[in-house]
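In: task: produce atomic coordinates for the following.
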Amino acid sequence: MDTLTHLISHSCKINLVSHDCKIKDNLFLIFLIGICYKLANPVARPSKVKSRMENYIQFQEVSKAKYNCLLFDIDDTLYPLSSGLQGHVTRNIQDFMLEKLGIEAAKVPELCYQLYKVYGTTMAGLRAIGYDFDYDEFHSIAHGRLQYDLLKPDPTLRGILKSLPIRKVIFTNADDVHAARVLHRLGLEDCFDTIISFDTLNSSNKITPSNDKDDSETRPISAGIFDFLEYMRHSDSDIVLPSTPIICKPFEDAFEKVFKIANIDPQRTMFFDDSIRNLLTAKRLGLHTVAVGSSVRALGVDHALESIHNIKEAFPDLWEAEEKHEITKYNVTIETLA
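Out: I've put the predicted structure just below:
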């Protein structure tokens, strides 16, 4: 009987220290241990079996750290707004609106800004109100003309991210090429497990130019375009805004797709972004939210960091939790098998 108890206990110990063990298997093993103890010790009190069950339940609780994923935006989050890069992006988008869509110069700045406010990105807004264009062409101007040398390597942030014992995922509205270039310039290209970008969430809409037209020419479009600025001047009307075919932050469907693609549990994920609007959507969906770029916490957001560099100072438990988790798990396993 002692030999049987030893073998079962040894098997249980192996299963218990595995993060992937099945609850029903471990419960069955604990049940067998209880039977062995009863047979070997007829006068033993039932409390021993109960104690082992309580220890197993405790093990299940400590086996789940509070966070198992950190979700990061890129632009103005992993590097500061003061870099000036986003100002160049805005000017490039306005150039696209002028050069490729033929929008009146006087309307471009306001339309660019108002579409961004309502649709999350100007690009999403342009598609919503009726403009059809090649996504790759848009990105080639919005990001392809950027001076990436404005960004410098950030060894401090690299060290912080590399030391974090938690899975890290990028979620950006930018395209793959821009995301890769920014991460490379910052020296962070190998710091993330997954990168989810515009290209991940949206199908290509490659537009093939006709043979009888120079594709470099401006493509003026007016018919069928929703007059967005006129709508904004009379926003109390009954007119319904058109929806966008583009999937992006801050819309819930974008977050839900990210959860599915990256196998993210929002209840156990911390989300870092510079946009309060994005953070509020994330909060509604159960994510723990951190605004980056200001130390003043906005209403509805969990935390605020002036810089992403403050992450270790603000959340030391992200590092400590893993150590405590391993120590507690070991202690509970020993108690269960004692």
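
In: what about this structure, any weak spots by pLDDT?
Out: Residue ranges of the chain with pLDDT under 70: 1-64, 208-223, 321-338.

In: residue nearest the centroid of it?
Out: With distances taken as C-alpha atoms, centre = their mean, the residue of the chain nearest its centroid is residue 71 (3.2 Å).

In: all strands of the stretch 151-300 of the chain, in order?
Out: Taking DSSP state E, counting those that start in this stretch, the strands of the stretch 151-300 of the chain run over residues 167-171, 194-196, 269-273, 288-292.

In: what helices or strands is the second one leaning on?
Out: The reference is to strand 194-196. strand 167-171, helix 176-186, helix 252-261 (3 or more C-beta pairs under 8 Å, 6 or more residues apart in numbering; DSSP states H and E). To be clear about C-beta, it is placed using only N, CA and C from the backbone, and glycine gets the same treatment.

In: ok, back up a step: turn the strands of the stretch 151-300 of the chain into JSON lines, columns for distance to residue 302.
Out: Formatted as JSON lines, those follow (distance: least, C-beta to C-beta, whole Å):
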{"stretch": "strand 167-171", "distance to residue 302": "17"}
{"stretch": "strand 194-196", "distance to residue 302": "22"}
{"stretch": "strand 269-273", "distance to residue 302": "9"}
{"stretch": "strand 288-292", "distance to residue 302": "5"}
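
In: sorry, back to before: which among the helices and strands packed on strand 194-196 is found nearest to residue 82?
Out: Residue 82 sits nearest to helix 176-186 of all the helices and strands packed on strand 194-196, at 14.5 Å, using C-beta to C-beta.

In: quick one on the thing from earlier: the strands of the stretch 151-300 of the chain: which one's closest to residue 247?
Out: In terms of C-beta to C-beta, the element of the strands of the stretch 151-300 of the chain nearest to residue 247 is strand 194-196, at 10.8 Å.

In: tell me the bridge partners for the residue nearest to the centre of the chain.
Out: residue 169, residue 271 (DSSP bridges).

In: residues touching it, list them.
Out: Shown in contact with residue 71 (C-beta atoms under 8 Å, 6 or more residues apart in numbering): 169-171, 258, 264, 269-272, 287.

In: mind running it again at 6 Å?
Out: Going by C-beta atoms under 6 Å, 6 or more residues apart in numbering, residue 71 touches 169, 171, 269, 271.

In: for residue 114, state which of those is nearest.
Out: Within those, the smallest distance to residue 114 is 24.5 Å, found for residue 171 (C-beta to C-beta).

In: count of neighbours near that closest one?
Out: 27 (other C-beta atoms under 10 Å).

In: cool, and the one 4 residues further on?
Out: Number of residues near residue 175 (other C-beta under 10 Å) recorded here: 23.

In: could you say which helix or strand contains the closest residue to it other than its chain neighbours?
Out: Closest residue to residue 175 in three dimensions, ignoring its sequence neighbours and counting by C-beta to C-beta, 6 or more residues apart in numbering: residue 139, at 4.4 Å. Element membership for residue 139, per DSSP states H and E: helix 135-142.

In: give me the helices and strands touching that helix, please.
Out: Applying 3 or more C-beta pairs under 6 Å, 6 or more residues apart in numbering; DSSP states H and E, we find helix 135-142 packed against helix 85-99.

In: contact partners of the helix it packs on?
Out: Defining contact as C-beta under 6 Å, 6+ apart, one finds that helix 85-99 is touched by 76, 103, 108, 112, 122, 138, 141-142, 145-146, 150, 218.
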